[in-house]
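Q: With the input below, show me the fold.
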Amino acid sequence: MSGADIYHEMIVDYSRNPINYGKIENHDVTFHDSNPLCGDSIDIDMKIDDDKVTDIKFHGKGCAICMACSSVLTEITKGKSIEDARKIEKNDVLGELGLEHLQAVRIKCALLSLKVLKSALYTYLGNNMDEAQDRDKLKEEASNLY
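A: Numbers count the residues shown, from 1 in each chain. Alright, predicted model coming up:
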């Protein structure tokens, strides 16, 4: 079995049996986004304690690549500090599934959950900051993500 076949099997398995799929009751933050071009729609719920992502789940619907990347992303994120979770990049997710050279038409499917995660983190941080100046700085940083 080639490396490409192994990655293909991983994508199929994650899409059929997603990891961390579901909702978190009493979450600290939730965020939703969708890709209207293909119909992918993802929500991420997180529980955060002492600036650490102690639980993360996603729910929604999407293609095999979207579901697989959402599963991988939640596995990567769980247990990380907020600061470390903010540093997760697209190649951290894509590399786990051998998708580093994904066609441009499918990249939005693969990265929807990362966009939702980052938006959720920035929402959480913004809601928990005291200083308006810090919130403005955070908004500027978030606006440069995509």
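
Q: list the helices and strands the longest helix seen in the chain packs on?
A: The single longest helix within the chain, with elements called by DSSP state H, is helix 104-127. Applying 3 or more CB pairs under 8 Å, 6 or more residues apart in numbering; DSSP states H and E, we find helix 104-127 packed against strand 29-35, strand 40-49, helix 64-77, helix 82-86, helix 90-96, helix 132-143. Bear in mind the C-beta positions are built from the backbone N, C-alpha and C, glycine included.

Q: wait, which of these is closest to Cys109?
A: Counting by CB to CB, Cys109 lies closest to helix 64-77 out of the helices and strands packed on helix 104-127; the figure is 4.5 Å.

Q: could you dump that closest one to PDB, C-alpha only?
A: Listed next in PDB are the C-alpha coordinates belonging to helix 64-77 (Å, rounded to 0.1, in the frame of the first residue of the first chain):
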ATOM      1  CA  ALA A  64     -14.900  13.700   3.600                       C
ATOM      2  CA  ILE A  65     -11.900  16.100   3.600                       C
ATOM      3  CA  CYS A  66     -13.800  18.700   5.800                       C
ATOM      4  CA  MET A  67     -14.800  16.000   8.300                       C
ATOM      5  CA  ALA A  68     -11.300  14.400   8.400                       C
ATOM      6  CA  CYS A  69      -9.600  17.700   8.900                       C
ATOM      7  CA  SER A  70     -12.000  18.700  11.600                       C
ATOM      8  CA  SER A  71     -11.300  15.500  13.400                       C
ATOM      9  CA  VAL A  72      -7.500  15.900  13.100                       C
ATOM     10  CA  LEU A  73      -7.700  19.600  14.200                       C
ATOM     11  CA  THR A  74      -9.600  18.800  17.300                       C
ATOM     12  CA  GLU A  75      -7.100  16.100  18.200                       C
ATOM     13  CA  ILE A  76      -4.200  18.500  17.700                       C
ATOM     14  CA  THR A  77      -5.900  21.200  19.800                       C
END
